[in-house]
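Visitor: mind folding the following:
(chains A and B)
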There are 2 protein chains.
Amino acid sequence: MKIAQVAPLYESVPPKLYGGTERVVSYLTEELIRQGHQVTLFASGDSVTQARLVQACAHSLRLDQKCGDQLAHHIVLLEQVFRQASAFDLIHFHIDYLHFPLSVRQHIPTVTTLHGRLDLPDLVPLYQMFPSIPVVSISDAQRAPLPWVNWLGTVYHGLPEDLYTFRETPGSYLAFLGRISSEKGVEQAIAIAQHVGMPLKIAAKVDRADREYFQEVVQPLLKNSLIEYVGEVGGDNKDAFLGQAYALLFPIDWPEPFGLVMIEAMACGTPVIAYPRGSVPEVLEHGVTGWLGEGIEEAVQAVERVPALSRARCRQVFEERFSASRMAHDYLRLYKKLLGGRSGRAAA
Amino acid sequence: MKIAQVAPLYESVPPKLYGGTERVVSYLTEELIRQGHQVTLFASGDSVTQARLVQACAHSLRLDQKCGDQLAHHIVLLEQVFRQASAFDLIHFHIDYLHFPLSVRQHIPTVTTLHGRLDLPDLVPLYQMFPSIPVVSISDAQRAPLPWVNWLGTVYHGLPEDLYTFRETPGSYLAFLGRISSEKGVEQAIAIAQHVGMPLKIAAKVDRADREYFQEVVQPLLKNSLIEYVGEVGGDNKDAFLGQAYALLFPIDWPEPFGLVMIEAMACGTPVIAYPRGSVPEVLEHGVTGWLGEGIEEAVQAVERVPALSRARCRQVFEERFSASRMAHDYLRLYKKLLGGRSGRAAA
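Guide: Presented below is the predicted three-dimensional model:
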């Protein structure tokens, strides 16, 4: 199948450090190539892929100090995609809704994975304009604010099986990995670690919008000798960071659409202690790959019950439910549904 | 002629307070209606117009606390415009470049007035993708960073002749009107007023991005009893604020694409003292409607030379060069050029 994958330009594909969407686009792209498909990847020029790469900009935008207008580059991206559209059987977008008015005015089938939260009121009139655009959710929970759009299916994210190292022996610290923000729960994680009396390592990026929060709220909490901020981690460092942890803390306070770090931890064999918001009850199995609990008290109890979980079983569930090959298989099924439905209509 | 005017959604058309682009779209729209054209205005629902109004959102976005994603509403706007495109002879966009990939894929002639600064490096690859899209500059100086795009013409902004009241007698204070930011020169204005020893009234909005600058840099300067901050002004208050001033200070430190407040002052008969950046030397006539000078010392001398200027002559130049009817006439000439060229090609 000739497939276009269209990634956002904020991070390279895959990202060097933080960045969920571009990471998933990378895993999907490389797995589709491995399965013999012809894939063209539209992404920033510092991306690394086996696919044919069409670069909309030389460097990914988030860390590019010279970039003052991210939208301009995404308009270039759109133009590149639609100039080449007829070369593809299908175009798979990962850039939210920016392409919708173009998609509905051309004939190549498109599918859009929605990677973000959908509970902003601004999105309601937007999706009301495009009720028939086929979209894919990354958890069933993500759909809640917009149940009436044209959901083609839910496809959970997946990772290459050899990306993370399974480690049988638990480490001695709790891990937090994500973005420094109130909704990702870094303060909750610190409070949990302090109650348990176990070291917490925080690997996280600080967005410009969150700098004030980091300086005023988080930095004072780092004075506690149990708490260590290690900055952003990627690649091998991330493997060691997650794999050598006793457990991952995921005490979120927002409707997480998926939560990639949960399956990254599982791939290492590391159990996850999480608040049951958004996708969490779909991704984690309570008592198998982690413990779900609400609030600091339950999370503290959960940390104490980590030895009851099997790290080998965490890894096994990862392989069964969250591999990149399973993800690619799911997407191919949706692609075929879309193309089949289309030929059917054309023949009618 | 059946004309669509497409405004940004940040402010209503016209804006209640600050907001240059939406203000100009309003003046142009109402003048085209007055001249007998059929105009459809795509804008926020709180706009007020004699045209047929198509609202992309109920309320303008800048002051809407509930709005968390301004782009979503602009995508709705685009979809509305292109669903109705065939009803128009011509579509006139005022939303930068967001519509470019759609414009090039349909057959109704479009023209785009570029209202912003064009010296961002991000814009170069964007305009390279769309070298033939017809665009209009609001000053010749604005074109400098992108001389090779398809400039159809320069059309200076214009105001309804009865909007501002001519006042023959000069007032006793200096006026600053705009946005609180370093590039708009509010610090320079304060320094000039202090050197001259004349009161300065500052009417300005403070964007979220500029709040820190306002609190840390500007607020301490307001302690001087000569300096008064009066907040945002609009409507009748603006007429009195500008008309009762001795002179308007416009000591900018950026390539101003037009500078609407200069012609608003001229309409009141109030001379302008300005630094000669961007459009300023095209809009102001040195020694007639104001004085151009670089730096605080020259600006101070200029304030002292204000009595040498005729307020009646300022008003006269405004009527000759910067009325809304002149602006509409200029745009109609460009519309016809575009439609003529098009019919010519179709016939060839």
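
Visitor: and A:Gln38, how many neighbours?
Guide: Using other CB atoms under 10 Å in any protein chain shown, A:Gln38 is surrounded by 15 other residues. (Glycine included, C-beta is placed from N, CA and C.)

Visitor: for it, give its distance to chain B.
Guide: Separation of A:Gln38 from chain B (CB to the nearest CB, to the nearest Å): 24 Å.

Visitor: list the contacts of the residue nearest to that residue when sequence neighbours are not counted.
Guide: The shortest distance from A:Gln38 to any non-neighbouring residue, by CB to CB, 6 or more residues apart in numbering or on different chains, is to A:Lys2 (4.8 Å). Going by CB atoms under 8 Å, 6 or more residues apart in numbering or on different chains, A:Lys2 touches A:37-38, A:40, A:87-90.

Visitor: hmm, try it at 10 Å
Guide: For A:Lys2, the contact set (CB atoms under 10 Å, 6 or more residues apart in numbering or on different chains) comprises A:37-40, A:87-91.

Visitor: okay, strands next: where are they in chain A?
Guide: Counting by DSSP state E, chain A has strands at residues A:2-6, A:38-43, A:52-55, A:90-93, A:110-113, A:135-137, A:151-154, A:173-179, A:200-205, A:227-231, A:245-250, A:272-274, A:290-292.

Visitor: in chain A, where is pLDDT below threshold?
Guide: Chain A contains residues with pLDDT under 70 at A:341-348.

Visitor: repeat that for 50
Guide: Within chain A, the ranges that satisfy pLDDT under 50 run A:343-348.

Visitor: neighbours around A:Pro220, how many?
Guide: Neighbour tally, A:Pro220, other CB under 10 Å: 9.

Visitor: now do it against A:Tyr213, distance only.
Guide: Applying CB to CB, to the nearest Å, the value for A:Pro220 to A:Tyr213 is 12 Å.

Visitor: need the contact list for the nearest residue to A:Gln35 once chain neighbours are set aside.
Guide: Distance criterion CB to CB, 6+ apart; nearest residue to A:Gln35, sequence neighbours excluded, is A:Ala328 at 6.2 Å. Each residue near A:Ala328 by CB under 10 Å, 6+ apart is listed here: A:27-35, A:37, A:155, A:158.

Visitor: kindly recompute the last result at 7 Å.
Guide: With contact taken as CB atoms under 7 Å, 6 or more residues apart in numbering or on different chains, A:Ala328 is in contact with A:28, A:31-32, A:35.

Visitor: what's in contact with stretch A:124-144?
Guide: Residues from elsewhere that reach stretch A:124-144, judged by CB under 7 Å, 6+ apart: A:97, A:100, A:103-104, A:111-115, A:118, A:146, A:148-157, A:255, A:257-258, A:278-279, A:282, A:334, A:338, B:57, B:72, B:75-76, B:79.

Visitor: got the buried residues for it?
Guide: Residues A:126-127, A:129-130, A:133-139, A:141-143 are the ones in stretch A:124-144 that count as buried (16 or more other CB atoms under 10 Å in any protein chain shown).

Visitor: name the nearest of the residues you listed relative to A:Ala299.
Guide: Lowest distance from A:Ala299 to those (CB to CB) belongs to A:Ala141, with 20.1 Å.

Visitor: near chain B, which residues of the stretch 51-200 of chain A?
Guide: A:57, A:66-69, A:72-73, A:75-76, A:78-79, A:82, A:97-98, A:100-102, A:105, A:120-123, A:125-126, A:129 (CB under 7 Å from any CB of the partner chain).

Visitor: quick check: closest non-adjacent residue to A:Tyr335.
Guide: Using CB to CB, 6+ apart, the closest residue to A:Tyr335 is A:Leu90 (5.4 Å).

Visitor: what's the one you found in contact with, if anything?
Guide: Listed by CB under 7 Å, 6+ apart, the contact set of A:Leu90 reads A:1, A:3, A:109, A:111, A:335, A:338-339.

Visitor: just A:Val111 next, same as before
Guide: By CB under 7 Å, 6+ apart, the contact set of A:Val111 is A:90, A:92, A:134, A:136, A:152, A:334-335, A:338.

Visitor: and which of those residues is nearest A:Glu228?
Guide: Distances from A:Glu228 to those, taken as CB to CB, are shortest for A:Val136 (37.9 Å).
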